[in-house]
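**Student:** structural data only, the sequence is not supplied:
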């Protein structure tokens, strides 16, 4: 496995675990803010590392990378919103980013030729 793929998967898994725990904890507390910072950092590592993964498109960026750009924009929007005191926009952007992460993870597992699908033995296809 290439290093960039290992980093991408590790950051995505960390994002899933931390993101799910944020959904369960009380909002607005110091713990929530700390976990949110960890989550955003892990998400940015996930986004940035995705640009080093180009095997499915013969070494070129694919349409999937546009989702990474959308995720980065959503994260910046969420940070900007909370710093402006716009809690509802912050919540919407963060929830959207987390849902996108979950959907991307499911897609990576069920799509043939993706590393996670191959790793689990192609159970879904």
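**Tutor:** Alright, I've got the coordinates. Remember, predicted model here, so these are calculated numbers, not experimental data.
**Student:** all helices of the protein, in order?
**Tutor:** 3-24, 30-50, 63-83, 87-110, 115-119 (DSSP state H).
**Student:** look up how far residue 4 lies from the residue lying closest to residue 54 once chain neighbours are set aside.
**Tutor:** In space, and not counting its chain neighbours, residue 54 is closest to residue 60: 6.0 Å by Cβ to Cβ, 6 or more residues apart in numbering. (Glycine included, C-beta is placed from N, CA and C.) Applying Cβ to Cβ, to the nearest Å, the value for residue 60 to residue 4 is 15 Å.
**Student:** so between those two, which is more surrounded?
**Tutor:** When residue 60 and residue 4 are compared for neighbours, residue 4 comes out ahead with 15 against 8, by other Cβ atoms under 10 Å.
**Student:** tell me the pLDDT of the more buried one.
**Tutor:** If you check residue 4, the pLDDT there is 91.
**Student:** wait, what's in contact with the closest residue to it other than its chain neighbours?
**Tutor:** Excluding the flanking residues, the one nearest residue 4 by Cβ to Cβ, 6+ apart is residue 52, at 3.7 Å. Taking Cβ atoms under 8 Å, 6 or more residues apart in numbering, we find residue 52 in contact with 2, 4, 8.
**Student:** which one of these is nearest to residue 19?
**Tutor:** Using Cβ to Cβ, residue 8 comes nearest to residue 19 of these, at 15.8 Å.
**Student:** the closest one: how many residues sit nearby?
**Tutor:** Residue 8, neighbours per other Cβ under 10 Å, totals 22.
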